[in-house]
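**Student:** Prediction below, plus the sequence it came from.
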Amino acid sequence: MTDVLRRYAEALNAWAEATALRMLTDVDRSDRQQWASISAEMSHEIQREIASAPTGELLKQRLAEQVTLIKSIPLDAAQRVHELTIKGLESSTRGDDIVQAIMASGDVAKSRAVLIARTEVARTSSLLTQSRAEYIGSTQYIWRTSGDSDVRPGHKAMNGKVFAWADPPEVEENGRYMRHHPGQIWNCRCFPEPIIPE
């Protein structure tokens, strides 16, 4: 009897695999459809928020500030090239050396663009969280870090502490203190966790 049941189970193997694969495929398709639907709804809601909610005004303001920062990249690069050329002429530097210095300034422009992108994404996210939280009555948040080895010492000291939206904490940044919320300073990956009133 055991042998018969074992052979029967083995005979069902191909059917069981096909059935399980079909079930998983159906679940996967359903998940993808649900995710696409939720993503479309989120996109629509963000567009509506930008157009009509108080937070939308913040997003428009941030856009204008980011456009100004991005436009400064080529202007800063041009200014550096001009300064390198003048210094080279003043010190009788060879043309090849000036060219190398100018080429290196292109790397500076690229790294500045990366810095702006990282910083502005985090800053906008943090400001949007603050705006939304304050809109629903939140007055405080908990400072949270990304929790890895790249977190700055001053930011590690803030982790888990409660601060008021209206009074940014003084945070140690390379030996000096600056007032800012998490995510609102260069290359910061920290974020505010809003405390929502009952």
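**Tutor:** Received, thanks.
**Student:** Next, please give the residue ranges for the strands of this protein.
**Tutor:** 140-144, 162-164, 170-173, 176-179, 191-195 (DSSP state E).
**Student:** Out of these, flag the one nearest Ile38.
**Tutor:** When the strands of the chain are ranked by proximity to Ile38, the top entry is strand 191-195, at 21.8 Å, counting by CB to CB. Where you see a C-beta, it was placed from the backbone N, CA and C, and this is true even at glycine.
**Student:** what lines up beside that closest one in the sheet?
**Tutor:** Within its sheet, and counting by DSSP bridges, strand 191-195 is paired with strand 140-144 (antiparallel).
**Student:** about what we covered before: Lys60: which of the strands of the chain is closest?
**Tutor:** Across the strands of the chain, closest to Lys60 is strand 191-195 (CB to CB), at 21.2 Å.
**Student:** Can you list the neighbours in contact with the closest one?
**Tutor:** Residues from elsewhere that reach strand 191-195 (CB atoms under 8 Å, 6 or more residues apart in numbering): 122, 125-126, 129-130, 132-133, 138-144, 162, 181-183.
**Student:** Can you give me the buried ones in that strand?
**Tutor:** Phe191, Pro192, Pro194 (16 or more other CB atoms under 10 Å).
**Student:** Out of those, which is nearest to Glu45?
**Tutor:** Pro194 (18.2 Å).
**Student:** Which pLDDT does the model give that closest one?
**Tutor:** The model reports Pro194 with a pLDDT of 95.
**Student:** Check Pro153 too.
**Tutor:** On the pLDDT scale, Pro153 gets 93.
**Student:** Pull up the gap between it and Gln61, please.
**Tutor:** 32 Å (CB to CB, to the nearest Å).
**Student:** now swap in Leu127 and tell me
**Tutor:** With distances taken as CB to CB, Leu127 is found 9 Å from Gln61.
**Student:** ok, these two, which is more surrounded?
**Tutor:** Leu127 (19 against 12; other CB atoms under 10 Å).
**Student:** I'd say that one and His180 touch.
**Tutor:** No: counting by CB atoms under 8 Å, Leu127 does not reach His180; the two are 11.0 Å apart.
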